[in-house]
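Asker: Pasted the sequence and its predicted model underneath.
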Amino acid sequence: MSSGRHARLAWLFYFIVFELVVYFGLQWLLSGMGMSNQYQPENTVVPNWVKAVTFILLYLLCLLTVVMVVSNSVPNKHRGPLMHWVYMALLGMVVMLILLFS
């Protein structure tokens, strides 16, 4: 296996670990917010909206923190592909929101 492919697999592993840790951490942190049964007649969207916005803001905070740490610790030649992983993480955030409310 070439070193470039090996590096991509390593970054993919780190990316998956980051996504899982952040998802389960935020799920645990926000478990008391929102309503589990969204289809009640007296239910309003506000509790779940607050949970969604809090999740998004905390996720972005985690993502920005990790991007700053990683970009400061890798050499300049490896900073280019970092934005690819940031865009993948933003797409993953949408999937996590769907999973959080299903």
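Answerer: Thanks, I have it.
Asker: all contacts plus neighbour counts: C-alpha atoms, from now on.
Answerer: OK.
Asker: All the helices of this protein, residue numbers only.
Answerer: 3-29, 46-73, 82-101 (DSSP state H).
Asker: I'd like those helices written out as CSV, with mean neighbour count and mean pLDDT added.
Answerer: Output for the helices of the chain, formatted as CSV (neighbours: other Cα atoms under 10 Å; pLDDT from 0 to 100):
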stretch, mean neighbour count, mean pLDDT
helix 3-29, 13, 87
helix 46-73, 14, 87
helix 82-101, 14, 86
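Asker: What does Ser31 show for phi and psi?
Answerer: Dihedral pair for Ser31: phi -60, psi -30, per degrees, to the nearest 10.
Asker: swap in Pro75?
Answerer: Per degrees, to the nearest 10, the backbone of Pro75 is at phi -70, psi 160.
Asker: Can you give me the distance of it to Leu82?
Answerer: 11 Å (Cα to Cα, to the nearest Å).
Asker: Leu100 too?
Answerer: For Leu100, the distance to Leu82 - Cα to Cα - is 26 Å.
Asker: tell me the contacts of Arg79?
Answerer: Ser71 (Cα atoms under 8 Å, 6 or more residues apart in numbering).
Asker: Next one: it, what pLDDT does it get?
Answerer: pLDDT, Arg79: 75.
Asker: Wait, Phe15 touches Tyr87, no?
Answerer: No: counting by Cα atoms under 8 Å, Phe15 stays clear of Tyr87, with 11.5 Å between them.
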